[in-house]
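Participant: let's see this in three dimensions:
(one chain, ligands or ions: 2)
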Amino acid sequence: MKDIKRIEKLLDQLRIKEKDSEARKIFAEVFDERTLKTLYKLSAKGYIQALGGVVSTGKEANVFYADGSINGEFKPLAVKIYRIETSEFFKMDEYLFGDRRFDMRRVSKKELIFTWVEKEFRNLERAFNAGVNVPEPYTYLKNVVLMEFLGEDERPYPTIFELKRDLSEVTDVEELYSRIKEHLTRLYRKAELVHADLSEYNIVLKDNDPYFIDMGQAVLTDHPLANSYLERDLRNLIRFFSRYGIKESFEELISSVKGD
Ligand SMILES: Nc1ncnc2c1ncn2[C@@H]1O[C@H](COP(=O)(O)OP(=O)(O)OP(=O)(O)O)[C@@H](O)[C@H]1O
Ligand SMILES: [Mg+2]
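Facilitator: Numbering: from 1, shown residues only. Ligands and ions are numbered 1, 2, ... in the order given. Now for the predicted structure:
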């Protein structure tokens with residue numbers, strides 16, 4: 001059982017922006033005590049100034065908004081919090097084994113989620129440093145990643161999935177497709193990463209510019225399954241954009257991304 005008093009105290013220390021008890025109840029339900037402690041540490045270090053509302057709740061992770069401070073500067077944050085007790089651990093295996101950055105012989109099942117978080121952070125960092133449009137990663141601790149919040153007034157920018165039919169009204173789809181290709185190419189050739197879960201759900205539109213999110217499963221291009229992940233990513237793009245009249249063959253797309 002959760003110790004309600006201790007959780008209440010941790011919630012107080014986190015300076016949660018919503019003052020009503022309903023919001024606090026949600027936080028108390030979503031976070032286990034360990035996660036609250038991790039969040040508390042991130043706020044004690046000054047990164048999280050005040051925790052805001054829920055942006056997204058998923059099977060493996062929840063995303064929250066927070067007012068943040070990075071090197072003394074105000075920054076809106078996306079706080080991505082993985083569930084410690086996730087049932088999806090087994091799916092993480094294939095993306096972690098085969099990645100030479102991690103010595104999986106030394107990672108226990110319990111630590112798998114923490115390695116996953118480190119991987120997401122390092123993938124974001126690699127991509128960001130290569131000039132790929134991704135949220136700027138700030139830090140990570142245990143099961144929590146702090147990154148740039150892509151949004152305005154605490155509301156996230158839409159994914160291209162969410163825009164659906166409006167997509168061709170709000171932006172030049174052909175231009176968007178070629179921007180996505182440009183960033184995918186940079187991701188592959190410069191960051192030497194394959195996203196491995198690329199689809200309309202993980203591309204956000206910020207001022208007509210595509211941003212890739214959700215990089216936890218991304219692998220290095222020398223991962224044994226990198227090619228099949230890349231193929232899946234590219235086929236997802238072709239499928240989505242074919243609805244908007246974009247016709248590019250898989251062969252054309254892959255050779256333009258890989259440059260061979
Ligand atoms: N940096 C960010 N800025 C703004 N919103 C974000 C950011 N990262 C994620 N989000 C929002 O949270 C949602 C889920 O994020 P993400 O895709 O990273 O998690 P997920 O792994 O798909 O979670 P799950 O699969 O458990 O639902 C996104 O669709 C987006 O709306
Ligand atoms: Mg996602």
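Participant: which positions in the stretch 51-200 of the chain make contact with ligand 1?
Facilitator: Applying CB under 6 Å from any ligand atom, we find that the stretch 51-200 of the chain lies next to ligand 1 at 55-56, 58-61, 63, 78, 80, 135, 147-151, 156, 159. Using the backbone N, CA and C atoms, a C-beta is placed for each residue, glycine as well.
Participant: among those residues, name the ones in strands.
Facilitator: Within those, residues falling in strands by DSSP state E are 55-56, 61, 63, 78, 80, 147-148, 151, 156.
Participant: and the average pLDDT for stretch 6-24 is what?
Facilitator: Stretch 6-24 shows a mean pLDDT of 73.
Participant: please give me every residue in contact with the residue of the stretch 51-200 of the chain found nearest ligand 1.
Facilitator: Relative to ligand 1, the nearest point of the stretch 51-200 of the chain is Gly58 (1.8 Å; CB to the nearest ligand atom). Shown in contact with Gly58 (CB atoms under 8 Å, 6 or more residues apart in numbering): no residues.
Participant: how far away is it from ligand 2?
Facilitator: 7 Å (CB to the ion, to the nearest Å).
Participant: before we move on, what about Tyr157?
Facilitator: On the measure of CB to the ion, Tyr157 and ligand 2 end up 14 Å apart.
Participant: repeat that for Lys37.
Facilitator: 26 Å.
Participant: surely that residue meets Leu11?
Facilitator: No - with contact defined as CB atoms under 8 Å, Lys37 does not reach Leu11; the gap is 11.7 Å.
Participant: for ligand 2, give me its nearest residue in this structure.
Facilitator: Using CB to the ion, the closest approach of the chain to ligand 2 is made by Asp214 at 3.8 Å.
Participant: any idea which helix or strand comes after the lowest-mean-pLDDT helix or strand in the chain?
Facilitator: Ranking every helix and strand in the chain by mean pLDDT, DSSP states H and E puts helix 21-30 at the bottom, with a mean of 72. Remark: after helix 21-30, the chain's next helix or strand is helix 33-44, criterion DSSP states H and E.
Participant: buried stuff in that following helix?
Facilitator: 35-36, 38-40, 42-43 (16 or more other CB atoms under 10 Å).
Participant: tell me the one of the residues you listed nearest ligand 1?
Facilitator: Nearest member of those to ligand 1, counting by CB to the nearest ligand atom, is Thr35, at 14.7 Å.
Participant: contacts only, for that closest one.
Facilitator: If you count contacts by CB under 8 Å, 6+ apart, then Thr35 has 81, 84, 142-144 around it.
Participant: go again using 7 Å as the cut-off
Facilitator: 81, 84, 143 (CB atoms under 7 Å, 6 or more residues apart in numbering).
Participant: what distance separates the start and the end of stretch 159-168?
Facilitator: End-to-end span of stretch 159-168 (CA to CA, to the nearest Å): 14 Å.
Participant: so how far is that stretch from its chain's centroid?
Facilitator: Centroid displacement of stretch 159-168 relative to its chain, using CA atoms, centre = their mean, to the nearest Å, is 19 Å.
Participant: and the protein, split by domain according to the record?
Facilitator: Annotated domains of the chain cover 2-152, 157-258 [automatic domain parsing].
Participant: near ligand 2, which residues of the protein are found?
Facilitator: Counting by CB under 5 Å from the ion, the chain comes close to ligand 2 at 202, 214.
Participant: show me where the stretch 151-260 of the chain has its helices.
Facilitator: 160-163, 167-170, 173-189, 226-242, 250-258 (DSSP state H, counting those that start in this stretch).
Participant: and these as TSV, adding mean neighbour count, distance to Phe114 and mean pLDDT?
Facilitator: As requested, the helices of the stretch 151-260 of the chain are exported to TSV (neighbours: other CB atoms under 10 Å; distance: least, CB to CB, whole Å; pLDDT from 0 to 100):
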stretch	mean neighbour count	distance to Phe114	mean pLDDT
helix 160-163	17	29	96
helix 167-170	14	37	93
helix 173-189	18	25	98
helix 226-242	18	23	98
helix 250-258	14	32	97
